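Colleague: sharing a model prediction with you, sequence too.
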Number of protein chains: 2
Amino acid sequence: MDIDDLAKRILAGERRALARAITLVESGRADHRQDTLRLFEALKGHGKEALRIGLSGTPGVGKSTFIEAFGMMLTRQGLKVAVLAVDPSSTRSGGSILGDKTRMERLSRDPNAFIRPSPSQSHLGGVARRTREAIDLCEAAGFDVVLIETVGVGQSETVVAELSDLFLLLLAPAGGDELQGVKRGIMEMADIILVNKADGDLKTTAIRTCADYAGALRLLRKRPQDPDGFPKAMTVSALEDTGLATAWDTMQELVDWRRDNGHFDARRAAQARYWFEAELRQSLLSRLEREPMKGLVTAAGRDVENGTQTPSQAAEQVLARLEGRLS
Amino acid sequence: MDIDDLAKRILAGERRALARAITLVESGRADHRQDTLRLFEALKGHGKEALRIGLSGTPGVGKSTFIEAFGMMLTRQGLKVAVLAVDPSSTRSGGSILGDKTRMERLSRDPNAFIRPSPSQSHLGGVARRTREAIDLCEAAGFDVVLIETVGVGQSETVVAELSDLFLLLLAPAGGDELQGVKRGIMEMADIILVNKADGDLKTTAIRTCADYAGALRLLRKRPQDPDGFPKAMTVSALEDTGLATAWDTMQELVDWRRDNGHFDARRAAQARYWFEAELRQSLLSRLEREPMKGLVTAAGRDVENGTQTPSQAAEQVLARLEGRLS
């Protein structure tokens, strides 16, 4: 593969080259991994800093409709928008996101947009690394905004929050009781809560829901990375295209403040450290699958099964035998 | 601390010595860890093999009432019963289990019973190790049955299932729709489902719920460790003390079959390997907090924050520098 040519075409903003590079990043093959490292070497120092927007929402809140309407609004302003998905579910059923682009048909045909479904890979660690590298590729290809979306399933919100400059939580209008359904931990990640479907019969409910969430947000501890009035709750209607411009203004207001006050760069630095440590842990554990650890583990495992050693003793012993080399 | 004396008193079945030894096991102090290892050395080869029964149930199903009634029934038969709790929640609010023994007042005053609340430690790995060692201590102290209970919160059921010979799921009578509320993964762990509160107004509902679960269990894939008719669903009333004797007979029937067919020992062997591998992973990761890893990690983390290296590059480099010693 001509990596230098691929790099050149990515930097020229060619969507097909970008798609091909992401496929490379997603590959599990060792030679593709080498190509990937060479590609990033070639891209180093080029490209722009996109705004990375994380978006989470459970199935049924209208996430695809929102992304399409929001994305189209941005491209109309001349901005280049990429949409990536973090979907750790192996089944990819029901509300699962970008499995087909037909759900965002208009946006996918827009020359200033790039939509990439989540790879059919269920390991969250792998998905995170692939998404991280895909974001870098989108920045190299000159995208202004990278939307990283996930359906709310446990840990995937954390992954998305650790990959984005700004975290949006998209919610549906609901009765007060259901407010409880949003876990506190997820609320605490949100920079802006968007209550969607503020249209037709649901409009009144959406406004009340928004007020409820605004109240809930005020009860959270003030974070240093927020100017006054943030985190904020707002209503939007992706269907009727209302509130989206205000939401985008609000995002920019927040990001500008964070840039001016050093929080933007600090967050990216902290995220880089987070992913470094995550990769390190994962790589270290993968050593257990390789020699000489593998042989030691197999032998000790047999002792443990036979009952000649306790699990703790055996674990201590395996590490002690490596200790001379390891510690 | 006189470890030999402590061991002797545990083997004599002294509850106070058992309680003291579990406190030792729960301690994070390095000298206590050494004492623990010496204690297990002294106990090695002594003690009996208890029946380890795992029990999970969400708050409100009457778990404490069930354990008290079931435990009293066993002690009346002359059996010694220990109750341990796996509660990984740090808050210990609401339905949390053995926070106070007053919820099982009669059982806690029974000389043939031993009740130990979960330590106020939130790390699931630590809780698992402590519970594993507490089980061993209960066996050394001559207990016939060790009940390991947990409130259903995500991973804790897996921990309990991997610590027990038999896994009970305690459920409340409920409408058909709520059947969906029990996750498939939890259902698949259950050996016996007990629908509690089969008394008074709820009796009819309990019987119907039980039939629903029995139907759901029949849809699961047949497991090699089950004789015909298992996993099984039954109704009990902890309040009126009905169904408990039948449930106990059923447990013994299942365990006898598993013993006769080699599944009992095979499960304990597989569990030992499981915990060995879990300990090994945890211990290996803890090396990152110690020199020389710690220094390397700190330095590389700084590079990553500054942007002079990508997270993946830095992780690779740290491990490569250890490679000569490690791989």
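Modeller: Here it is on my side, so go on. Numbers count the residues shown, from 1 in each chain, chains lettered A, B, ... in the order given.
Colleague: what is the neighbour count of A:Leu11?
Modeller: Counted with other CB atoms under 10 Å in any protein chain shown, the neighbours of A:Leu11 add up to 16. For the C-beta atoms, the positions are set from N, CA and C on the backbone; glycine is no exception.
Colleague: that one reaches A:Gly45, doesn't it?
Modeller: No. Counting by CB atoms under 8 Å, A:Leu11 does not reach A:Gly45; the two are 10.8 Å apart.
Colleague: any part of stretch A:5-18 near chain B?
Modeller: No. Stretch A:5-18 lies out of reach of chain B by CB under 8 Å from any CB of the partner chain, never closer than 15.5 Å.
Colleague: for A:Pro59, phi and psi?
Modeller: phi -60, psi 140 (degrees, to the nearest 10).
Colleague: how much space separates it from A:Arg103?
Modeller: Distance, A:Pro59 to A:Arg103, using CB to CB, to the nearest Å: 12 Å.
Colleague: also A:Val160?
Modeller: Applying CB to CB, the value for A:Val160 to A:Arg103 is 19 Å.
Colleague: which one of the two is surrounded by more residues?
Modeller: A:Val160 (26 against 16).
Colleague: where exactly do the helices run in the stretch 151-300 of chain A?
Modeller: A:156-161, A:184-189, A:203-218, A:244-260, A:263-286, A:293-306 (DSSP state H, counting those that start in this stretch).
Colleague: so who does the closest residue to A:Leu51 other than its chain neighbours touch?
Modeller: Counting by CB to CB, 6 or more residues apart in numbering or on different chains, A:Val145 is the residue found nearest to A:Leu51 once chain neighbours are left out, at 5.2 Å. Shown in contact with A:Val145 (CB atoms under 8 Å, 6 or more residues apart in numbering or on different chains): A:Ala50, A:Leu51, A:Ile53, A:Leu74, A:Leu79, A:Lys80, A:Val81, A:Ala82.
Colleague: try 10 Å
Modeller: Counting by CB atoms under 10 Å, 6 or more residues apart in numbering or on different chains, A:Val145 makes contact with A:50-53, A:70-71, A:74-75, A:79-83, A:113, A:138, A:248, A:251.
Colleague: show me the shaky parts of chain A.
Modeller: For chain A, applying pLDDT under 70 flags the ranges A:88-102, A:119-125, A:152-154, A:175-181, A:323-327.
Colleague: show me how the record splits it into domains.
Modeller: For chain A, the structural domains run A:1-45, A:46-261, A:276-323, going by the TED database.
Colleague: and the gap between the residue nearest to A:Leu51 and A:Glu133?
Modeller: Per CB to CB, A:Val145 is found 18 Å from A:Glu133.
Colleague: off-centre distance for whatever helix or strand A:Glu139 lives in?
Modeller: Assessed by DSSP states H and E, A:Glu139 sits inside helix A:124-140. When distances are taken as CA atoms, centre = their mean, to the nearest Å, helix A:124-140 is centred 8 Å away from the chain's centroid.
Colleague: tell me the angle of that helix relative to helix A:263-286?
Modeller: 140 degrees (axes from the mean of the first three to the mean of the last three CA atoms, to 10 degrees).
Colleague: then helix A:124-140 to PDB, C-alphas only?
Modeller: The C-alpha trace of helix A:124-140 is given here as PDB (Å, rounded to 0.1, in the frame of the first residue of the first chain):
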ATOM      1  CA  LEU A 124     -14.900  -1.600  24.000                       C
ATOM      2  CA  GLY A 125     -11.100  -1.200  24.300                       C
ATOM      3  CA  GLY A 126     -10.700  -1.900  20.600                       C
ATOM      4  CA  VAL A 127     -13.600   0.400  19.600                       C
ATOM      5  CA  ALA A 128     -12.100   3.200  21.700                       C
ATOM      6  CA  ARG A 129      -8.700   3.000  20.000                       C
ATOM      7  CA  ARG A 130     -10.200   2.800  16.600                       C
ATOM      8  CA  THR A 131     -12.500   5.800  17.200                       C
ATOM      9  CA  ARG A 132      -9.600   7.800  18.600                       C
ATOM     10  CA  GLU A 133      -7.500   7.100  15.500                       C
ATOM     11  CA  ALA A 134     -10.500   7.800  13.200                       C
ATOM     12  CA  ILE A 135     -10.900  11.200  14.900                       C
ATOM     13  CA  ASP A 136      -7.300  12.000  14.200                       C
ATOM     14  CA  LEU A 137      -7.800  11.000  10.600                       C
ATOM     15  CA  CYS A 138     -10.900  13.200  10.300                       C
ATOM     16  CA  GLU A 139      -8.800  16.100  11.600                       C
ATOM     17  CA  ALA A 140      -6.100  15.400   9.100                       C
END
